[in-house]
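Trainee: Predicted structure and sequence below. I'll ask about it afterward.
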Amino acid sequence: MKAVINIKYILIMTLAVVLSFFFHELAHLLTGKLLGYPMQMTLNSAFLVEGEYKTVWHEHIVSAAGPLFTVLTAFVFFYVIRKTKNMYWYPFLFFAFAFRLMAMIVSIFNPNDEARISQWLGLGYWILPLLVCFTLLFLLIKTSKEQEYTIKFNLINYLLTSVFIAGVVFTDQYFLK
């Protein structure tokens, strides 16, 4: 199947973005609740309702849950694409990379999950964000080569993903809080 961006693909990309945001934040929320904290979430954040974490360790476990879920799902979709050769699964893999790349970029101004954890572990600010992004980029490159996805196809994916991420962040910031 030749990789083409059509309306079906764009709708699946939209679904991939919304579902991925939702489940990433749900992983944070459920981890916090499992640790005994009152938590809430929106499409772009999960947070304590009140108070503070009892330990720094708890805070970082909750922070790690979202990225761990995102990376795990990227590996799942990487293998699903390899097995099925169906390009309509690619938005789920692509979004995982774009999502964590954007999180790393935002960390320049406000430390995101991986940056906070990396610093806490004494690895420096950028080691975990870079490790996560390069791992996901490796999966994208490998998939693109195996499935013969072009640079143009990937650039369009990046553009679509960026627009959808901005839409989710904007909607979350101004309408869901």
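Mentor: Received it, and whenever you're ready, just let me know what you need. All values derive from a computational prediction rather than experimental measurement. Residues are numbered from 1 along each chain as shown.

Trainee: What count of nearby residues applies to Ala103?
Mentor: Counted with other C-beta atoms under 10 Å, residues neighbouring Ala103 total 23. Yep, even glycine has a C-beta here, placed from its N, CA and C like the rest.

Trainee: now swap in Phe164 and tell me
Mentor: 22.

Trainee: right, and it touches Met13 too?
Mentor: Yes. In this structure, Phe164 is within contact of Met13 by C-beta atoms under 8 Å, at 6.6 Å.

Trainee: State the pLDDT value of Phe175.
Mentor: Note for Phe175: predicted pLDDT of 74.

Trainee: how far away is it from Ser107?
Mentor: Look at Phe175 and Ser107: by C-beta to C-beta, to the nearest Å, they are 25 Å apart.

Trainee: Comparing those two, which residue is more hemmed in?
Mentor: Between Phe175 and Ser107, counting by other C-beta under 10 Å, Ser107 is the more crowded of the two (19 against 9).

Trainee: Please report phi then psi for that one.
Mentor: Here is the backbone geometry of Ser107 (degrees, to the nearest 10): phi -60, psi -20.

Trainee: Tell me who's in contact with the nearest residue to it once chain neighbours are set aside.
Mentor: Spatial nearest neighbour of Ser107, excluding adjacent residues (C-beta to C-beta, 6 or more residues apart in numbering): Ala115 at 4.0 Å. Counting by C-beta atoms under 8 Å, 6 or more residues apart in numbering, Ala115 touches 104, 107, 125-126, 128-129.

Trainee: go on, Ser162?
Mentor: Applying C-beta under 8 Å, 6+ apart, the residues contacting Ser162 are 98, 102.
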